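Enquirer: kindly return the folded structure for what I paste below:
(chains A and B)
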Amino acid sequence: MRFKDVFSIIGPSMTGPSSSHTAGAARLGRIARQWLGCTPERARLTLYGSFADTYQGHGTDLALIGGLLGYVTDDPRIPDAEQYAVEAGMEVEFYTSGLPAPHPNTVKIELWHGERECSLIGASIGGGSVSVHALNDFRVQISGEFPTLVLRHADKAGVLASVTSTISSSGVNIGYMQVDRKARDGEALTAMEMDAPPSEEILKRLRSLDHVLNIRVIDLKRGVDPNAV
Amino acid sequence: MRFKHLHELNTICTAESKTIAQLMIEEQVQETNTPEADVVKQMSEYYQVMKEAVRKGLTEDTTSRSGLTGGDGKKMAEYIRQGETCSGDASALAMAYALCVSEVNASMGRIVATPTAGSCGIIPGVFISSQERFGWTDEHLVNGLFCAGAIGYVIANNSFISGAEGGCQAEVGSAIGMAAGAMVELRGGTPEQVVHAVGLALKNTLGLICDPVAGLVEIPCIVRNGLGAVTALAAADMALAGVRSAIPSDEVIDVMLEVGSAMPSRHRETAQGGLAQTPTGRKMMQKLAKPKAKRAEPEETSETDSEAPGVQPEMDEK
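Expert: Reported below is the predicted structural model:
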């Protein structure tokens, strides 16, 4: 099901004017921020399809910036997000592309902060719901509606078993899981939609596992940054 | 969820003697593992946001950032006060409130997407005007929102609810179907009548394109919300009178998918066709145009679209 529940139809409460081009854009920005794990120093956003054609009138640019600053969809600061970005020391560049994208409302977000660097490709699929298709060029399918653990790890036998057994020991159910890898024995990425947010204890144990490089929690339901230390 | 189609809403609710709203609440509790009280509270908060948007539209300045729209909801409300309306006061008030909420949206105010922001006026317009008319409690209207949500859930998962994917029929059309069906249940109609109301309403918007002038959710979106509220009331009346959708409502939803998939991209929220490209629409767009974004260089975008793995930037370690 592309749309998971009643609140993906009635809702979100949001700052206008467009659920796909404003609220969805804010959510994609916030997911990208969670994937980076902090406020970016520099952001480069490339818009495709209807996003590229109508971003200005819909405030798509403002909403994406608001999302990168951690704002939820009905944050009243969204209309003035450009100014808040300057105050937060975040440099933002927008590009439009005429190339075909898998979905008419697609954005590629590239972020930098110090040594950190990450990218995301996502689409706004309607009514404010979003779908992330790629994280650092790994294929994923993330809605952000459920707490989602994203792990970068080495493509080694047994890594997934130790990850899932660590999670199962906490009693949290994994609803959906995807694995993609760059190459055999190369870097891999696993995304897991969970029925409940992972505890700090579980995150700590997962970080200590062999071959696990990096862990992020993506969760649109939580107002606070789930990766905040 | 135990349902994916409208006919299942009817069979389950009829067999278990419950309303569609009750079924939706139960399924939401089950699906998201959230207590019923929290689910209902969330929806009640949304209903308050809708009421506040109507109030704001009636009393505050709703001039949009482009300056192209605003104030039409107030005009309608004033016109109703002056005397005999052509469509009847109930319809006219639903229209006035729908215009108000859509104008609040266009001026970057706070609204609830129902199912989208482009179509956010229809359900509040129908619900809030009917609440005043019939003296219903907020609780009753919140149940109506769950019923509308169940209908929208079926449409969204079998067709689409975004203009960029399926044109305006997917946004305003879906909202009218949701409002019509919910109105039937709010008035005490059967689940079967609810389902017929959805089909009757959707048939009237099949093929409606998404052609916003200058890409703004203003022209013709706001007016379509106003007129959509009236259509929803009319479809509810038809279903309550016993009129049936000769083509089953689930099949009408499939037609929306077929028509939307065949719709050219210029009629799917790109502002490259329809009303957006009329001589006047183009003039409005030129007045507002001040593109900020640069065109992406081809060599940079080619990697965007490639799924081939490449050398990846390293993120910080843990």
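
Enquirer: who's in contact with the residue nearest the centre of chain A?
Expert: Against the mean C-alpha coordinate of chain A, by C-alpha atoms, centre = their mean, the closest residue is A:Ile31 at 2.5 Å. A:Ile31 makes contact with A:Gly67, A:Leu120, A:Gly122, A:Val130, A:Val132, A:Ile142, A:Gly144, A:Ile218, A:Leu220, according to C-beta atoms under 8 Å, 6 or more residues apart in numbering or on different chains. Every C-beta, even on glycine, is put in place using the N, C-alpha and C of the backbone.

Enquirer: let's see the helix or strand containing it as CSV, backbone CA atoms only.
Expert: For A:Ile31, the element it lies in under DSSP states H and E is helix A:24-36. Output in CSV follows, covering the C-alpha atoms of helix A:24-36 (Å, rounded to 0.1, in the frame of the first residue of the first chain):
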residue,chain,number,x,y,z
GLY,A,24,5.8,16.7,1.1
ALA,A,25,8.9,18.8,0.3
ALA,A,26,9.3,19.8,4.0
ARG,A,27,9.2,16.1,4.9
LEU,A,28,11.7,15.1,2.3
GLY,A,29,14.0,17.9,3.6
ARG,A,30,13.6,16.6,7.2
ILE,A,31,14.3,13.0,6.2
ALA,A,32,17.5,14.3,4.5
ARG,A,33,18.5,16.2,7.6
GLN,A,34,17.9,13.0,9.7
TRP,A,35,20.0,11.0,7.3
LEU,A,36,22.9,13.6,7.7
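
Enquirer: okay, buried residues for the following helix or strand past it please.
Expert: Downstream of helix A:24-36, the first helix or strand assigned by DSSP H and E is strand A:42-48. For strand A:42-48, the neighbour count (16 or more other C-beta atoms under 10 Å in any protein chain shown) marks A:Ala43, A:Arg44, A:Leu45, A:Thr46, A:Leu47, A:Tyr48 as buried.

Enquirer: and strand A:42-48, what does it pack against?
Expert: helix A:60-68, strand A:91-97, strand A:105-113, helix B:298-305 (3 or more C-beta pairs under 8 Å, 6 or more residues apart in numbering or on different chains; DSSP states H and E).

Enquirer: mind running it again at 6 Å?
Expert: strand A:91-97, strand A:105-113 (3 or more C-beta pairs under 6 Å, 6 or more residues apart in numbering or on different chains; DSSP states H and E).

Enquirer: quick one: work out the angle between the first one and strand A:105-113.
Expert: Here strand A:91-97 runs at an angle of 150 degrees relative to strand A:105-113 (axes from the mean of the first three to the mean of the last three C-alpha atoms, to 10 degrees).

Enquirer: can you list contacts of the lowest-mean-pLDDT helix or strand in chain A?
Expert: Within chain A, no helix or strand scores below helix A:49-58, which has a mean of 87 by mean pLDDT, DSSP states H and E. Helix A:49-58 is contacted from outside by A:18, A:21-22, A:47, A:60-61, A:96, A:101, A:104-107, B:164, B:214-216, B:269-271, using C-beta atoms under 6 Å, 6 or more residues apart in numbering or on different chains.

Enquirer: for that helix, the distance to its chain's centre please.
Expert: 20 Å (C-alpha atoms, centre = their mean, to the nearest Å).

Enquirer: what about the strands in chain A?
Expert: A:13-15, A:42-48, A:91-97, A:105-113, A:116-126, A:129-135, A:138-142, A:148-154, A:174-181, A:187-194, A:212-218 (DSSP state E).

Enquirer: scratch that, chain B
Expert: Under DSSP E, chain B gives strands at B:110-112, B:294-295.

Enquirer: now check the longest one, is it near chain A?
Expert: Yes - interface with chain A: strand B:110-112 contributes B:Arg110, B:Ile111, B:Val112 (C-beta under 6 Å from any C-beta of the partner chain).

Enquirer: the second one pairs with what?
Expert: On DSSP bridges, the residues paired with B:Ile111 through beta bridges are A:Met14.

Enquirer: ok, it touching B:Glu52?
Expert: No - using C-beta atoms under 6 Å, B:Ile111 is not in contact with B:Glu52, being 9.3 Å away.

Enquirer: which of the two has more neighbours?
Expert: B:Ile111 (32 against 16; other C-beta atoms under 10 Å in any protein chain shown).

Enquirer: phi, psi of the residue nearest to A:Ile202 when sequence neighbours are not counted?
Expert: The shortest distance from A:Ile202 to any non-neighbouring residue, by C-beta to C-beta, 6 or more residues apart in numbering or on different chains, is to A:Ser170 (4.7 Å). Per-residue torsions, A:Ser170: phi -90, psi 0 (degrees, to the nearest 10).

Enquirer: show me the contacts for residue 162.
Expert: Here I'm looking at chain A. With C-beta under 6 Å, 6+ apart, A:Ser162 has these contacts: A:Leu209.

Enquirer: wait, chain B
Expert: A:Ser20, A:Gly126, B:Ala170.

Enquirer: got the phi and psi for the closest residue in space to the last one that isn't next to it in sequence?
Expert: Meaning B:Ala170. Computed as C-beta to C-beta, 6+ apart, the closest residue to B:Ala170 that is not its neighbour in sequence is B:Phe160, at 4.6 Å. Main-chain torsions, B:Phe160, degrees, to the nearest 10: phi -150, psi 160.

Enquirer: can you give me the neighbour number for A:Gln141?
Expert: A:Gln141, neighbours per other C-beta under 10 Å, totals 12.

Enquirer: now do the contacts for it.
Expert: Contacts of A:Gln141 (C-beta under 6 Å, 6+ apart): none.

Enquirer: same check on B:Gly228?
Expert: So B:Gly228 contacts B:Ile122, B:Val172, B:Ile176 (C-beta under 6 Å, 6+ apart).

Enquirer: narrow those to those in helices?
Expert: B:Ile122, B:Ile176 (DSSP state H).

Enquirer: redo the contacts of B:Gly228 as TSV? Include distance to A:Met177 and pLDDT.
Expert: Converted to TSV, the contacts of B:Gly228 look like this (distance: C-beta to C-beta, whole Å; pLDDT from 0 to 100):
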residue	distance to A:Met177	pLDDT
B:Ile122	38	98
B:Val172	38	98
B:Ile176	39	98
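
Enquirer: so what's residue 21 up against?
Expert: Looking at chain A here, since you left the chain open. A:His58, A:Thr60.

Enquirer: actually chain B
Expert: With C-beta under 6 Å, 6+ apart, B:Ala21 has these contacts: B:Asn143, B:Phe146, B:Cys147.

Enquirer: tell me how far the first one lies from chain A.
Expert: I take that to be B:Asn143. 12 Å (C-beta to the nearest C-beta, to the nearest Å).

Enquirer: how about low-confidence regions in chain B?
Expert: B:290-291, B:297-318 (pLDDT under 70).

Enquirer: what's the neighbour count on the spatially closest residue to B:Gly273 that is not a sequence neighbour?
Expert: Spatially, and ignoring its direct neighbours in sequence, B:Gly273 is nearest to B:Arg266 (3.2 Å; C-beta to C-beta, 6+ apart). The number of residues packed around B:Arg266, counting by other C-beta under 10 Å, is 17.

Enquirer: give me the phi and psi for the residue sitting furthest away from the middle of chain A.
Expert: Distance from the centre of chain A peaks at A:Ala157, with 27.3 Å (C-alpha atoms, centre = their mean). When read as degrees, to the nearest 10, the backbone of A:Ala157 gives phi -60, psi 140.

Enquirer: how about B:Leu208?
Expert: The phi/psi pair for B:Leu208 (degrees, to the nearest 10) is phi -70, psi 120.

Enquirer: contact partners for it?
Expert: Contacts of B:Leu208 (C-beta under 6 Å, 6+ apart): B:Cys168, B:Gln169, B:Gly173.

Enquirer: out of these, which are close to chain A?
Expert: Answer for the contacts of B:Leu208 near chain A: none qualify (C-beta under 6 Å from any C-beta).

Enquirer: mind telling me which residue of the stretch 51-200 of chain B is nearest chain A?
Expert: B:Ser162 (2.9 Å; C-beta to the nearest C-beta).

Enquirer: so what pairs up with A:Met177 in the strands?
Expert: Here A:Met177, judged by DSSP bridges, has bridge partners A:Met192.
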